[in-house]
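Student: Generate coordinates for the sequence data below:
(one chain, ligands or ions: 1)
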Amino acid sequence: KQRFAGRTAIITGAGSGIGRATAIQMASEGANIALFDLVNDRTSIVERKLNSMREGCALAVDVDTSDPGRMEEAVRRTVEHFGGLDIVFANAGINGSIGPIEELSIEDWQRTLSVNLTGTFLSLKYTIPHMKKKGKGSIIITSSINGNRRFASFGFSPYSTTKAGQVAFAKMAALELAKFKVRVNVISPGAIATNIDESTEPNEELESIIIPMEFPEGQQPLADGPGKPEDVAKLVCFLASDESSHITGAQIVIDGAESLL
Ligand code: NAD
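Tutor: Residues are numbered from 1 along each chain as shown. Down below sits the predicted model:
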């Protein structure tokens, strides 16, 4: 299937985990992809892999999504390079500092808000005009079940706050942009085996990365272990494609029933 032939996507946090798996899946279905990430060596590995699949389909862009000036420039460069923009996957995120509220510093709090919330805001702010111009577009934001589960993980108060905020932001954006035929949806994964705890190093053999992850038995009733980035990539590609043309403002949980326990 070539659902994305002739389309251009920006994927933030594309150097690792969910972003990387989505970049690979989308490129294999014809998309041109700007890989936004601040860890340049990881992003270059993904860029090389995609360009070996289809020459010229990937552009690595070294950018901190929470930096307004650099984001504006990165989006401008992408649109100039590929000639337009159809899909935005606002996915970059950090766990940030974890601990009891009284022990977290204001810097800890602000860093998590700045990457997870301001980064998401900027990922929409600078890209929306290009999709409005086309009269069509699809935006997907990565939240987490930690944003709205009845018990969030202990110590994750800044993270959970940002993940809940992303859901509200996505819904407001969906309402605002519906008349321009730009759709906005938000996904809430449960535990997914990625680098988010920074336990693994960049690796040329992407497929061979083994991720050690604490995962108590039964945490996801549907599965024996955490979800895979590729599971999430399939959902994101559905939301990015015309197959989901009547879906906007939706929050889709992808967690093997983890949040129901
Ligand atoms: P990951 O660490 O493997 O990948 C995240 C990527 O984002 C990294 O390459 C990192 O360098 C990049 N990044 C971080 N801050 C950035 C910034 N300021 N600017 C640009 N790039 C930045 O983690 P992942 O699990 O793939 O995380 C992707 C998203 O999924 C995050 O928003 C995370 O909150 C969310 N999520 C993850 C899980 C999970 O269990 N892994 C569960 C729910 C939600």
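Student: use CA for all of it now, contacts and neighbours both
Tutor: Fine.
Student: got a list of contacts for the helix or strand where residue 138 lies?
Tutor: Counting by DSSP states H and E, the element that carries residue 138 is strand 137-142. Residues from elsewhere that reach strand 137-142 (Cα atoms under 8 Å, 6 or more residues apart in numbering): 85-92, 120, 131, 166, 170, 181-189, 236, 239-241.
Student: The residues you listed in helices, which ones?
Tutor: 120, 131, 166, 170, 236, 239-240 (DSSP state H).
Student: Against the ligand, which of those residues make the cut? List them.
Tutor: Contacts with the ligand within the ones in helices among the contacts of strand 137-142, counted by Cα under 6 Å from any ligand atom: none were found.
Student: Spell out which parts of the protein neighbour the ligand.
Tutor: 12-19, 37-39, 63-66, 91-94, 115, 142-144, 189-196.
Student: So residue 10 is in contact with residue 34, correct?
Tutor: Yes: between residue 10 and residue 34 there is a contact under Cα atoms under 8 Å: 4.8 Å.
Student: Give the residues shared as contacts by the two.
Tutor: Shared between the contact lists of residue 10 and residue 34 (criterion: Cα under 8 Å, 6+ apart) are residues residue 78.
Student: Check the gap between residue 164 and the ligand for me.
Tutor: 11 Å (Cα to the nearest ligand atom, to the nearest Å).
Student: Check residue 245 too.
Tutor: Distance from residue 245 to the ligand, by Cα to the nearest ligand atom: 23 Å.
Student: now swap in residue 5 and tell me
Tutor: Counting by Cα to the nearest ligand atom - residue 5 and the ligand are separated by 25 Å.
Student: mind showing which ranges of the stretch 51-200 of the chain have poor pLDDT?
Tutor: Applying pLDDT under 70 to the stretch 51-200 of the chain flags the ranges 150-152, 197-200.
Student: can you give me the strands in it?
Tutor: 58-62, 87-90, 137-142, 182-189 (DSSP state E, counting those that start in this stretch).
Student: got the contact list for residue 36?
Tutor: Per Cα under 8 Å, 6+ apart, neighbours of residue 36: 10-15, 43, 60-65.
Student: Please repeat the previous calculation with a cut-off of 7 Å.
Tutor: 11-14, 60-63 (Cα atoms under 7 Å, 6 or more residues apart in numbering).
Student: for those, which one is nearest residue 1?
Tutor: residue 11 (20.3 Å; Cα to Cα).
Student: and that closest one, bridged to which residues?
Tutor: Beta-bridge pairing of residue 11 under DSSP bridges involves residue 35, residue 89.
Student: Isn't it up against residue 92?
Tutor: No: using Cα atoms under 7 Å, residue 11 is not in contact with residue 92; the gap is 8.3 Å.
Student: Tell me which of these two has more neighbours.
Tutor: More neighbours surround residue 92 than the other of residue 11 and residue 92, with 28 against 25 (other Cα atoms under 10 Å).
Student: My read is that that one contacts residue 10, right?
Tutor: No: using Cα under 7 Å, residue 92 is not in contact with residue 10, being 11.3 Å away.
Student: Tell me, how many residues neighbour the nearest residue to residue 63 once chain neighbours are set aside?
Tutor: The shortest distance from residue 63 to any non-neighbouring residue, by Cα to Cα, 6 or more residues apart in numbering, is to residue 38 (5.1 Å). Residue 38 has 18 neighbouring residues, counting by other Cα under 10 Å.
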